[in-house]
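**Student:** Model the following, please.
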Amino acid sequence: MRGAAFAAGVAALAALLAGGGGGRASLYSPDDPFAVPVGSDGKPAPLPFDEFKRRLAVLTNALVEPKAGEKPNPDRARFLDRIAKQEKVPKRTAPEAAALATDLLRVGQSDRALGVLGPHAADRRPDYFVFTGLASAHAARGEWADALRYHQEGQFDTKMPETVKGLSKGQRDWWARLDADAVPRFYQIRRQETEERRGLGPAERHAADETEDVLPLFPLSGEPVRFVNAAGEYEAGVLAPAEQAKLPPDALATVQQLVLWFPGDTRLYWLLAELYAAAGDVRAAAQILDECTWGRQYGNRKVLVAHRHALRAAADALDRVEPIEGPAFGLGTIGVYFGVVGALAVLALVRTVLKRR
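**Tutor:** Next up is the predicted model:
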C-alpha cells in the first residue's frame, strides 16, 4: 500500500509541475470513463482509496511530458496511441470529436482540444459533450468565466444522451446531476476567486495564498461547511453534527469524481482530504495533505498545514496501534523521493520566473 502511495505521489508531483492542471467535467470517453461506481439504487459509492489513487495516478502520469530523447510513460503512451488513431478519421462526428478532445485534455493539450471541438459548437443539433468538453478545455487554461459559460450553454441548449457508452444508467444519471449542480458551483467558485485576485501584486497574492481556506463547495447553496468539532476547533477525524448535516450523503463520491475530472486542482484535492478526515479516515486524509504540501506546493497555506499536522499526528498514532501491512520505505527510496521533489521544485521556480518575464 505504501509503495503504491509513493508511486502515485511522485506521479502526481511530476504531472502537476510538468503539465499544469486541467478540467475534466463530464468528459465523453467511452473507452476510459474513469467513473465512480453507482449502485442499482442510483446512489454513488466512493471508490476504495487505493483504487481511487490508482486511477488518479493514471491521469497524472498521462500529463507528464517526456524529456527530449525519452519515451512517454506507458499511461501517456496509451492515450497518445489512441489520439493518433482518432486523428486519422476523415470526418469526425460530434461524439467522436468529444472523445478525441477528452484524450487531448488528458495529455495536457487544451489548445488542440479547443481546435477539435470548436467547429462542432455551431452545429444545428449541438452535442452535449462538445459543450462540456469546451468548458473543460477552458478550465484547463484557467479561463473559468469561459468554462462556466460553455457549461451553462450545454445545460440550456443540449441534453445528455439517455445512454452513454461506458456508463451504466445509474452513472449516466448521476453525472447529469453533477453537471447540473456541483460542476457549475465549482466553476463559479473558481471564477470568483480568480476575479478577486485580479490586479493583486506579488506580495498581496502571497498573502492571499497563505490565508486560503478549504474550497467552499458544500452545501451547494447556503453557509459553507466548517470542518470543526462541536467546540468550533479543528480535530482530526471529528466533525460537529451541525456541520455534518451540511454535507450531502454522496459528498465523498462527488469530490472523488470531480478530482478524476480535474486531477490538477489542488483545492479539490484538499477538500477530498477534509471529507476523508470527517469520515474518520485520518490515514487517507493525511496522505492527501502530505501530497498537497510537498508535491503540489501548497505548503504556504496556513490552514492546510495546521490540518496536516493534526492529521499526520493522528495517523502516526494509529499506525503505532494498528500497523499497516507491508514494508515501509527504505532510506534509498526516501532519498529518491526527495531528489525528485528538489529537482521538480527547481523546475517550478524556473517556470515561474519565465512566466513573469
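**Student:** lowest-confidence helix or strand of the protein?
**Tutor:** Scoring the helices and strands of the chain by mean pLDDT, DSSP states H and E places helix 2-19 at the bottom, with a mean of 42.
**Student:** Confirm for me that P95 is in contact with L27.
**Tutor:** No. Using CB atoms under 8 Å as the test, P95 is too far from L27 to be in contact (11.9 Å). Where you see a C-beta, it was placed from the backbone N, CA and C, and this is true even at glycine.
**Student:** excluding its backbone neighbours, what's nearest R312?
**Tutor:** Leaving out its chain neighbours, the residue that sits closest to R312 by CB to CB, 6 or more residues apart in numbering is A286, at 4.8 Å.
**Student:** Which strands and helices lie in contact with whichever helix or strand that neighbour is part of?
**Tutor:** Using DSSP states H and E, A286 falls within helix 282-293. On a contact count with 3 or more CB pairs under 8 Å, 6 or more residues apart in numbering; DSSP states H and E, helix 282-293 meets helix 2-19, helix 266-278, helix 302-321.
**Student:** Give me the distance from that helix to the chain's centre.
**Tutor:** With CA atoms, centre = their mean, to the nearest Å as the basis, helix 282-293 stands 15 Å off its chain's centre.
**Student:** and the angle for that helix with helix 266-278?
**Tutor:** For helix 282-293 against helix 266-278, the angle between stretch directions is 160 degrees (axes from the mean of the first three to the mean of the last three CA atoms, to 10 degrees).
**Student:** now the angle from helix 282-293 to helix 302-321?
**Tutor:** Relative orientation of helix 282-293 versus helix 302-321 (the same axes, to 10 degrees): 140 degrees.
**Student:** F186 touches Q257, doesn't it?
**Tutor:** No. Between F186 and Q257 there is no contact under CB under 8 Å: 11.2 Å.
**Student:** before we move on, back to that, list residues touching both of P95 and L27?
**Tutor:** Residues touching both P95 and L27 by CB atoms under 8 Å, 6 or more residues apart in numbering: F129.
**Student:** Tell me which of the two has more neighbours.
**Tutor:** More neighbours surround L27 than the other of P95 and L27, with 26 against 18 (other CB atoms under 10 Å).
**Student:** show me what contacts the closest residue to that one other than its chain neighbours?
**Tutor:** Spatial nearest neighbour of L27, chain neighbours left out: T102 (4.3 Å); criterion: CB to CB, 6+ apart. Going by CB under 8 Å, 6+ apart, T102 touches R24, L27, Y28, S29, A113, G133.
**Student:** T102: which element?
**Tutor:** Assigning secondary structure by DSSP H and E places T102 in helix 94-106.
**Student:** Pull out the CA atoms of that helix and give them to me as CSV.
**Tutor:** Extracted as CSV, the C-alpha positions of helix 94-106 are listed here (Å, rounded to 0.1, in the frame of the first residue of the first chain):
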residue,chain,number,x,y,z
ALA,A,94,-19.5,15.3,-32.7
PRO,A,95,-19.2,12.4,-30.2
GLU,A,96,-16.0,11.3,-31.9
ALA,A,97,-14.7,14.9,-31.6
ALA,A,98,-15.7,15.0,-28.0
ALA,A,99,-13.8,11.7,-27.3
LEU,A,100,-10.7,12.9,-29.1
ALA,A,101,-10.8,16.2,-27.2
THR,A,102,-11.0,14.2,-23.9
ASP,A,103,-7.9,12.3,-24.7
LEU,A,104,-6.1,15.6,-25.7
LEU,A,105,-7.0,17.1,-22.4
ARG,A,106,-5.7,14.1,-20.6
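**Student:** Looks like Q86 contacts A99 (just checking).
**Tutor:** Yes. Using CB under 8 Å, Q86 makes contact with A99 at a distance of 6.9 Å.
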